[in-house]
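Q: here is a sequence with its predicted model. Questions after.
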Amino acid sequence: MINLRKPTLLAGTLALSVSVSPALVSATWEALPEQPPIPADNPQNDAKIELGKTLYFDPRFSEHGTLSCNSCHNVMAGGDDNRPNSIGMHDARGGRSAPTVWNAAFYSTQFWDGRAATLEDQAKGPVVNPIEMGMESLDEAMGRLMNIDGYIPMFQAAFPGEENPVTADNAAKAVAAFERTLITPNSAYDRYVQGDESALTGQQVRGLETFASLGCTACHSGANFSGPALPMGTGFFQKFPTYDGSDYETKYDLVADTGRHNATGVEADKHLWRVPTLRNIAMTAPYFHNGAVPTLDEAVRVMAKTQLNQDLTDEQAADLVAFLNGLTGEFPEIAMPRLPGTPNMSVIPPIDPHLAKNPHQ
């Protein structure tokens, strides 16, 4: 265990959220557990995880059969798409940068604004979002699935004993079960806090000490560097920017999006954001909710100024970047699933969205 000064955690809870003052919080340095919290109503089993993985990679549950969960949250890379905003149906652009799916299972709420209480709730949203996967309804998506015979026994195996296991709720449970396997432990940082003093370089250790001394642990605490462990559905939020009026605010358009306020309509929620994980952050550029900041070096300077009212020296910025690179974990091997086929037919509507006329008529 690293011996650093640890102020007492003080937090206020209001409307299933927690907002804190950076000066009042710090964290114990923790290694990432190999298993995240598992809800009692959705226990893991191998068949469910395999079903969830198959659904995650299947683009047929988007309007034109072109986008899957993995399109924007690519588990062959950093769990996002390395774009400022993802590209959805009809070439639409999302308003926010896709957050990484790696270690998302450790969050107590989902989405940038925390509007989904669980991974199960989150899994249903993109399918029916018109600027994401674009299905008219979950019923329409499940109607397609029911026409793919190979999925039926997979649902039956994943949810044994259920009379009618092929439901949208169970599909979301399966995707969530797969996402709870997307954990990246054993980073250089993890090995260091477990006693391997050679795991971090000298520069990374300086970066860790700078991270603590500046007060970054006020928000980026806990094993996931996304705040303290809280009950599922209780979000950990922070105002961003905390210190208004910096040049970065204008340069990167940081306040155009009002954050959680967009989801709740509550004035006090303006510019509150769920605190994101810093694990694997070196893999997920560009940065922040709008993907406006191109490099990690620039991102740490933005955070220091807007959240702590500190101007970093070049050495501090380089040390912090080195430390954050030490949070890149070991990614599990994932075999691409073989999607259930539809012999002699297709469940995708025979419409090219880029043509005015249906070529199949």
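A: Nice, thanks for sending it over.
Q: for the closest residue to Val166 other than its chain neighbours, list the residues it contacts.
A: Nearest residue to Val166, sequence neighbours excluded (Cβ to Cβ, 6 or more residues apart in numbering): Phe155, at 4.6 Å. Placement of C-beta: from N, CA and C, glycine included. Each residue near Phe155 by Cβ atoms under 8 Å, 6 or more residues apart in numbering is listed here: 51, 165-166, 170-171, 174.
Q: in which helix or strand does Phe155 reside?
A: helix 151-158 (DSSP states H and E).
Q: mind checking how far that helix is from the chain centre?
A: 27 Å (Cα atoms, centre = their mean, to the nearest Å).
Q: all helices for the stretch 251-361 of the chain, in order.
A: With DSSP state H, counting those that start in this stretch as the criterion, the stretch 251-361 of the chain has helices at 260-264, 296-308, 314-325.
Q: would you mind giving those helices as TSV with mean neighbour count and mean pLDDT added?
A: Listed next are the helices of the stretch 251-361 of the chain as TSV, based on neighbours: other Cβ atoms under 10 Å; pLDDT from 0 to 100:
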stretch	mean neighbour count	mean pLDDT
helix 260-264	18	97
helix 296-308	21	98
helix 314-325	20	98
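Q: surely Tyr192 touches Phe323?
A: No: using Cβ atoms under 8 Å, Tyr192 is not in contact with Phe323; the gap is 10.1 Å.
Q: what's the overlap in contacts for these two?
A: Here Tyr192 and Phe323 share the contacting residues 200, 205, scored by Cβ under 8 Å, 6+ apart.
Q: quick check: which ranges of this protein have low pLDDT?
A: Scanning the chain for pLDDT under 70 picks out the ranges 1-27, 352-361.
Q: domain ranges for it?
A: Taking automatic domain parsing as the domain assignment, the ranges for the chain are 12-35+185-325, 46-179.
Q: Pro337: which of the ones you listed is closest?
A: Across the domains of the chain, Pro337 has its closest neighbour in domain 46-179 (4.4 Å, Cβ to Cβ).
Q: who's in contact with Pro337?
A: 50, 53-54, 57.
Q: tally up the residues packed near Gly326, please.
A: Residues within reach of Gly326, counting by other Cβ atoms under 10 Å, total 23.
Q: check contacts around the closest residue to Gln44 other than its chain neighbours.
A: Computed as Cβ to Cβ, 6+ apart, the closest residue to Gln44 that is not its neighbour in sequence is Ala177, at 5.5 Å. Counting by Cβ under 8 Å, 6+ apart, Ala177 touches 42, 44-45, 48-49, 52.
Q: same deal with Phe331?
A: For Phe331, the contact set (Cβ under 8 Å, 6+ apart) comprises 102, 184.
Q: what's the distance between it and Pro130?
A: Distance, Phe331 to Pro130, using Cβ to Cβ, to the nearest Å: 32 Å.
Q: what do you get for Val101?
A: Distance from Val101 to Pro130, by Cβ to Cβ: 22 Å.
Q: quick one: which of these two has more around it?
A: Val101 (22 against 13).
Q: A strand includes the more buried one, no?
A: No: in this structure, Val101 is coil, not part of a strand, as judged by DSSP: H, G, I helix; E, B strand; the rest coil.
Q: renumber starting at 653 from here on
A: Fine by me, first position is 653 from now on; the one you just mentioned is Val753.
Q: does it really touch Val727, like I thought?
A: Yes: with contact defined as Cβ under 8 Å, Val753 reaches Val727; the gap is 6.5 Å.
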